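Peer 1: following is a predicted model, sequence given first.
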Amino acid sequence: MVAVRLLVVTPAMALIVACAAQPMGSDRDARGEALLAQALAGKVAGRPISCLPRYRTNEMEVIDRETILFRDGRTSYVQHTNGYCYPNGSRGGYALVTQQYGSFGLCSGDIGQVFDTTSLTYRGSCSFNEFIPYRTP
């Protein structure tokens, strides 16, 4: 069973542009570092998990070129993608469309595609790694 899910872009995610296959490595800028530090302040990293249940993927924030943050109450899940589904200074209406295999949710190996809602075209893709949970102790 293939479930396709459209995650609508919020203003914080309006910077998403084409996902280019780039080598992994830190491309985090000072703004991304500050956003991530603020979002994870006072939280402790847990053991990475391979899947995030669907109900935990509703609140999503793009942090930088390689990092997406999912929030579920007091827990935040950090995702470092393979390839870049990322903001890059462009503004516009974009959505991240994910193809989820199985019924559980978003998992490592699932694919995300950036959809340009203005031109109605796909602008690139990336795949997901394990999710790192951060919880308040």
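Peer 2: That came through fine. Model, not experiment: these values are computed from the prediction.
Peer 1: quick one: buried residues of stretch 124-137?
Peer 2: Buried residues in stretch 124-137, defined by neighbour count with 16 or more other Cβ atoms under 10 Å: Gly124, Ser125, Cys126, Ser127, Phe128, Asn129, Glu130, Phe131, Ile132, Pro133, Tyr134. Any C-beta I mention is one placed from the backbone N, CA and C, and that applies to glycine too.
Peer 1: show me the contacts for Val78.
Peer 2: Residues in contact with Val78 (Cβ atoms under 8 Å, 6 or more residues apart in numbering) are Leu36, Leu40, Thr67, Ile68, Leu69, Phe131, Ile132, Tyr134.
Peer 1: tell me which of those fall in helices.
Peer 2: Within those, residues falling in helices by DSSP state H are Leu36, Leu40.
Peer 1: from the contacts of Val78, which two are the most distant?
Peer 2: Within those, Leu36 and Phe131 form the most distant pair, 14.3 Å apart (Cβ to Cβ).
Peer 1: out of everything not next to it in sequence, what's closest to the residue of the chain positioned farthest from its centre?
Peer 2: Residue farthest from the centre of the chain, counting by Cα atoms, centre = their mean, is Pro137 at 24.0 Å. What sits nearest to Pro137 in space, not counting adjacent residues and going by Cβ to Cβ, 6 or more residues apart in numbering, is Val44, at 5.3 Å.
Peer 1: give the contact list for that neighbour.
Peer 2: Contacts of Val44 (Cβ under 8 Å, 6+ apart): Tyr134, Arg135, Thr136, Pro137.
Peer 1: specify the beta-bridge partners of it.
Peer 2: Arg135 (DSSP bridges).
Peer 1: can you tell me how far it is from Cys51?
Peer 2: In this view, Val44 and Cys51 are 21 Å apart by Cβ to Cβ, to the nearest Å.
Peer 1: and what of Ser103?
Peer 2: From Ser103 across to Cys51, the span is 11 Å (Cβ to Cβ).
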